[in-house]
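*Asks:* A structural model of the following input is requested.
(chains A and B)
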Amino acid sequence: MAGNRDILKFDVILFATTLALMVIGIFFIYSSGVNSSGVSVSSEWIKQIIWGVSSLALIIFFSLYDYTRFKMVSLYIYLVLVLLLLFTLFFGRYVNGARSWLGIGPFGIQPAEFSKIAVIFYLGAFLDNNYKNIDTLKKFVQALIIITVPMLLTLAQPDFGSAIVNVPIFLVMLFLAGARLKHLVYLVITGSLIIYFTVLPAWSEYILREEVLLVKVFTEFATMKYVLIALSVVMGLAGAGLLFFRAGYYYWILYFSSSFFISLIGAVGGRMVLKGYQIMRLIIFIDPQVDPQGAGWNMIQSITAVGAGGLWGRGFLKGSQSHLRYLPQQSSDFIFSIFSEEAGFVGAIVVFSLYIIMLVRSLIIIDRSNDRFGVVLGGGIVGMIFFHVIISTGMAIGVMPITGIPLFFLSYGGSSLWTASMGIGILLSIYQRRYRN
Amino acid sequence: MKGFLGSGAGSNVNRFRLVGVGVFFAAIFITYLIHLFSMQVINTLFYQKQARDVSKRSDIIPAQRGRIYDRNYDSPLAMNVDSFALALTPAEVEGISIEEMVERLSSIINFSSSEMMRKVPRSSSNRYQAVEIVSGVSFENVAHIAEHIDEFPGISWTSKPLRWYNETGSISHVLGYIGGITTSELQVLYNQGYSYDSVLGKSGIEKQYDRILRGSDGRRIKTVDVKGRNTDRENSIEPPENGMNLRLTIDRDIQLLAEKALGRRKGSVVVLQPSTGEVLALVSYPYFNPNLFSLPGPTNFGVLSLDPDFPFLNRAIQSQYPPASTFKLVLSAALLDLDAVDPEKTVTCEGEITIGNRTTYCHKKSGHGPLNLKEALAESCNIYFGTMGMEVLGIDNIATYAQYLGLAAVTGIDLPGEVAGNIPTKAWKQSVYNNTWQVGDTYNASIGQGFVTSTPLQVANEIAMIVNDGIAYKPHILKEVIDPLSGEVVERIEPEILRTSPISYETFQTLKKNMRGVITDGTSNVVILNNQVEIAGKTGTGEVGSDENWHSWFASYGPYDTENPDERVVVLTMVEATNDWEWWAPKAADIIYEGIFGNKTYEQVVKDFRKRRVWYSWDAHLEEDESGGQ
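*Replies:* The predicted structure is shown next:
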């Protein structure tokens, strides 16, 4: 097809919303760098303009580039990123307590950000190659392993937020690829239970402030081993039953008991992997007043900033919570707080509308996609963007735990902006090639 | 085929699932917007207040506490001295560890570094909030630190004036001391301008007139950022109103004279002006040094408060003792005023009296022989007054006249914690001891023992009432309230009549003559040896327990005869029985009269007395006795 026809089929709306969000982002990154005397003390907004311009170039490059060509090299991209993550784990630079940066001097990247795109490529290729039997448990587990490797490496940095993004990417991609719902539900249930049991002891310690017998039963090894033995027996019997009688209810007994079993063991691992402050973040999400001067501080200040914004906001550069520096990391993780404080509910509607348009356009692009690879690729990108938006705005308004992930397009940061832009570029590329045979 | 090939024509996706994803997204976005609406539109006022609260701070600008002067208003008894508190801002300490810097600081201000480190919160190295680590640092030390501030990064100082008492002797009981407010005090005073970090008077004048002395603190309101740094370029300041100066009725020379005359004997001295109620001296031994409480380091307060001699007890107003023979003035007044007995009628003292099956003795065991009223008062005969009390007056009359003369009621002096003493009645004994009144009780009451108790100040004011022919003024310590800036007198305390008695004028005249007789012919003629002033008075020796311990009282006034009532003073001395000094009270009073009317210091009086070979003057302590004894 002729190039100029491709240009005409360019999704202007998706591109325009992206551009609008980036511009809003630059304004509020500027605002976040202004101190209480009204003096700009940070050059982050200038850097963000540079990141923004380079992102536009990335968008255009990826939109012009045929995304199907990534399918061949997706394994190598994936392996390179896994190696980079490994490398980061040992040689990375500490930023905010996590060994998450690779770079020299002031220049650096966060491999964890780019690894998401690599995961989307490789998982997309895998799903495309195995579309016929993706409904089998074997393929489901193989797909799960693809995301588990970079996820664990990211978790080890430790960057809980970036690690967990792999989950929605996986879920949306598998869901659109036609994986069985019960597999996905199993994963969601088990994952939720793992987090639940991981947090349980801290929950009883900080929020209930008393020892609960049931909590000890499920979390202390002395008692937990009996639960595990009991579960093993149930699983064994149900497995045998399933083998001999093929009755449906044996399957469901095995389904739930094994989920329970895995989550109990997973929680032990979770408590070993998650740092104390990460568990505290989950705790203070339940009740920030447990530690208002410490772990709960960020959340309380952020909620205060958002609420104080009111209907119309306090005006650009006029938010007291941000300019008096009560808001932490306001240019990156908490950009939505400063935005909401200064632009108010009306501003939040505008930004949410932009994201909704962006996601709706993305879903339409997926619908129009010319091939299966485009569908899962788009699904992964949509899942990634959606998750970033929901978690980042959610923690600003106090409905999500603080995980410290950037709000795509608005937050300061090159790696996240580039990652998001690549995603948009790929979506545009899918759109442009929708009629191709 | 399920999965990739969806229902829509030409689509590679299961549209049902795709719409499901879209609906899921939309549901969450809508939930978020509803939540945002509730935060930003419905509850926004709550959050706006919270945002304001977190950033508005008000710093207290402390008001200068008023000074306290004696009646001469020349040099202050209590004042404020420049003193500084050092604060550490952990985040500003650079190029040196906090420990090292505190160590360096410690060597300059001579204060333990571990004490200071204890004030620094753990893991606070990022904090911009300054923590006070030591107070009571002198101006010289702060000046030194200021000159070498680059060696002390993160150290700042605030002026924290220290209450300083120039006189730290017995006047401490009058002045009191100040200290940080306690939780229970705050609960009471919360609505009266006190806050959790207020400093307030804990006893004495400092407590009584705290409201006048403290003034009102000013405030500096500022907007601070998260690190506690002020961000307002212009502070809004409410200036403090400094406290008023107080001028007391106390004369520090008389106070010192009385303090030294009492010496190291547990007891108290009251010197007051009967014509006005002004207290010229109020001594209680032992006393304390309030300056020690504000020094850095472990408190001396705790040590003193555990002292078995109760140095915080102002014995002149907070201790009640049996008034002993001074109580015979009450009986004399009753006998004369009621015309109950002929003053010339004699009772023969045989040295002992048997009441029921108990025999008690007069202090002169051989007996005084026949005595009339005047002689009985002069000799302080227990048999006479005991007999009169039991046979003529009865406890009801005794109690009535004790009340007429102001006993068993607080004098209302402007010092906290005054106690009332006790005058027993039949009903009182019945209610407290559930026992009927015995005639022996009347005997004991008649000689100022048993259930009768009074404070030294009460007895002093009783004498003042006799001097004034039945008018008692409220004893007071505060003379004037003076504006510290203009020097203007804001308030002057005028003499206030506490009570007038229905006792006849003639009774007082006779009583005064009889009191003069005590000095000229009676018990104390061998000790009242000053040649400055003629005095009148009454001794008292009260038995405490059964170990031959005697409380020694001397209630007196002088000059006995004068054209100018304003020059009269009442001197009351009281020495507790818990020391060996026998009968020191009249001797101390004698020294005080010599000092006041001869305008001499204690040392001059004692030297003069020694020259005159006053027999007891060698028992009066002089510092030079210790240092070689010339």
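
*Asks:* quick one: pLDDT of the residue in the stretch 451-600 of chain B that chain A sits nearest to?
*Replies:* Of all residues in the stretch 451-600 of chain B, residue B:485 sits closest to chain A, at 37.3 Å by Cβ to the nearest Cβ. Yep, even glycine has a C-beta here, placed from its N, CA and C like the rest. If you check residue B:485, the pLDDT there is 88.

*Asks:* can you check the one 4 residues further on too?
*Replies:* Per-residue confidence at residue B:489 stands at 93 (pLDDT).

*Asks:* For it, what are phi and psi?
*Replies:* Main-chain dihedrals, residue B:489, degrees, to the nearest 10: phi -80, psi 120.

*Asks:* tally of neighbours for residue 268?
*Replies:* Answering for chain A, as no chain was given. 16 (other Cβ atoms under 10 Å in any protein chain shown).

*Asks:* could you do chain B instead?
*Replies:* Look at residue B:268: counted by other Cβ under 10 Å, it has 30 neighbours.

*Asks:* Mind listing the residues bridging to it?
*Replies:* Residue B:268 forms beta bridges with residue B:284, residue B:574, as assigned by DSSP bridges.

*Asks:* residue contacts, it?
*Replies:* When the contact criterion is Cβ atoms under 8 Å, 6 or more residues apart in numbering or on different chains, the partners of residue B:268 are B:262, B:282-285, B:314-316, B:319, B:456, B:573-574.

*Asks:* Likewise for residue B:71?
*Replies:* B:247-251, B:278, B:280, B:479.

*Asks:* can we see that at 10 Å?
*Replies:* B:247-254, B:278-280, B:479-480 (Cβ atoms under 10 Å, 6 or more residues apart in numbering or on different chains).

*Asks:* same deal with residue B:56?
*Replies:* Residue B:56 neighbours (Cβ under 10 Å, 6+ apart): A:320, B:221-224, B:232.

*Asks:* Buried subset of these, written for ChimeraX?
*Replies:* Only the buried entries of the contacts of residue B:56 go into this ChimeraX selection, using 16 or more other Cβ atoms under 10 Å in any protein chain shown:
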select /A:320 /B:222,223,224
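
*Asks:* Which ones among the contacts of residue B:56 lie within helices?
*Replies:* When DSSP state H is applied, these are split such that residue A:320 fall in helices.

*Asks:* biggest separation within the contacts of residue B:56, which pair?
*Replies:* A:320 and B:221 (14.9 Å; Cβ to Cβ).

*Asks:* Figure out the helix or strand that residue 184 lives in.
*Replies:* I went with chain A, as the question did not name one. Following DSSP states H and E, one finds residue A:184 within helix A:181-203.

*Asks:* try chain B instead
*Replies:* Counting by DSSP H and E, residue B:184 is part of helix B:183-189.

*Asks:* now that helix, how far from the chain's geometric center?
*Replies:* Distance of helix B:183-189 from the chain centroid (Cα atoms, centre = their mean, to the nearest Å) equals 19 Å.

*Asks:* just for chain A, where's the confidence low?
*Replies:* Within chain A, the stretches with pLDDT under 70 are A:1-8, A:96-97, A:104-107, A:291-295, A:436-437.

*Asks:* ranges for the strands of it?
*Replies:* A:93-95, A:98-104, A:107-109 (DSSP state E).

*Asks:* Looking at neighbours, which among the contacts of residue B:268 is most surrounded?
*Replies:* Busiest of those [other Cβ under 10 Å] is residue B:574, holding 36 neighbours.

*Asks:* Just give me the longest helix of the chain.
*Replies:* Answering for chain A, as no chain was given. Longest helix in chain A, counting by DSSP H: helix A:335-368.

*Asks:* I was thinking of chain B, sorry if that wasn't clear
*Replies:* Chain B, longest helix under DSSP H: helix B:15-37.

*Asks:* Please see if it touches chain A.
*Replies:* Yes. Helix B:15-37 is in contact with chain A by Cβ under 10 Å from any Cβ of the partner chain, via B:15, B:17-22, B:24-26, B:28-33, B:35-37.

*Asks:* Tell me where the stretch 101-250 of chain A has helices.
*Replies:* A:111-129, A:137-155, A:160-164, A:166-177, A:181-203, A:213-219, A:221-245, A:248-273 (DSSP state H, counting those that start in this stretch).

*Asks:* which helices and strands sit right next to the shortest one?
*Replies:* Of the remaining helices and strands, those touching helix A:160-164 by 3 or more Cβ pairs under 10 Å, 6 or more residues apart in numbering or on different chains; DSSP states H and E are strand A:98-104, helix A:111-129, helix A:137-155, helix A:276-286, helix A:372-397.

*Asks:* out of the ones you listed, nearest to chain B?
*Replies:* Nearest of these (Cβ to the nearest Cβ): helix A:372-397, 4.5 Å.

*Asks:* So the closest one, near chain B or not?
*Replies:* Yes. On the criterion Cβ under 10 Å from any Cβ, helix A:372-397 is in touch with chain B at A:372-376, A:378-379, A:382-383, A:385-386, A:389-390, A:393-394, A:396-397.

*Asks:* circling back: could you flag which of the residues of helix B:15-37 next to chain A are buried?
*Replies:* B:17-18, B:21-22, B:25, B:29, B:32-33, B:35-36.

*Asks:* The stretch 51-200 of chain A against chain B: which residues are in contact?
*Replies:* Residues of the stretch 51-200 of chain A found near chain B (Cβ under 10 Å from any Cβ) are A:127-128, A:131-135, A:171-172, A:175-181.

*Asks:* List only those of the residues you listed flagged as buried.
*Replies:* Applying 16+ other Cβ under 10 Å to these, the neighbour count classes A:127-128, A:131, A:134-135, A:171-172, A:175-179 as buried.

*Asks:* Looking at those residues, which one is closest to chain B?
*Replies:* Out of those, the member with the shortest distance to chain B (by Cβ to the nearest Cβ) is residue A:178, at 2.5 Å.

*Asks:* and the gap between the closest one and residue A:133?
*Replies:* Remark: distance between residue A:178 and residue A:133 (Cβ to Cβ, to the nearest Å) = 10 Å.

*Asks:* Show the average pLDDT along stretch B:458-472.
*Replies:* Average pLDDT, stretch B:458-472: 95.

*Asks:* so where is the stretch 451-600 of chain B shaky, pLDDT-wise?
*Replies:* For the stretch 451-600 of chain B (pLDDT under 70), the answer is B:544-549, B:578-582.

*Asks:* again, only this time at 90
*Replies:* B:485, B:487, B:521-531, B:539-552, B:558, B:562-563, B:565, B:576-584 (pLDDT under 90).

*Asks:* Which stretches in it count as helices?
*Replies:* Counting by DSSP H, counting those that start in this stretch, the stretch 451-600 of chain B has helices at residues B:456-467, B:505-520, B:584-597.

*Asks:* roughly how far out does the one helix or strand residue B:272 maps to sit from the chain middle?
*Replies:* Secondary structure assigned from DSSP H and E places residue B:272 in strand B:267-273. Here the centre of mass of C-alpha atoms in strand B:267-273, compared against the chain's by Cα atoms, centre = their mean, lies 15 Å away.

*Asks:* residues touching the closest residue to residue B:470 other than its chain neighbours, list them.
*Replies:* By the measure of Cβ to Cβ, 6 or more residues apart in numbering or on different chains, the closest residue to residue B:470 outside its immediate chain neighbours is residue B:501, 4.3 Å from it. Counting by Cβ under 10 Å, 6+ apart, residue B:501 touches B:333, B:337, B:401, B:403-406, B:465-466, B:468-472, B:507-508.

*Asks:* Of the strands of chain A, which is nearest residue B:377?
*Replies:* Per Cβ to Cβ, nearest to residue B:377 of those: strand A:93-95, 95.8 Å.

*Asks:* so what strands line up beside that closest one?
*Replies:* Here strand A:93-95 has these sheet partners by DSSP bridges: strand A:98-104 (antiparallel).

*Asks:* With adjacent residues omitted, what lies nearest to residue A:19?
*Replies:* Counting by Cβ to Cβ, 6+ apart, the residue nearest residue A:19 is residue A:56, at 7.6 Å.

*Asks:* Give the burial count for that neighbour, as a bare number.
*Replies:* 17.
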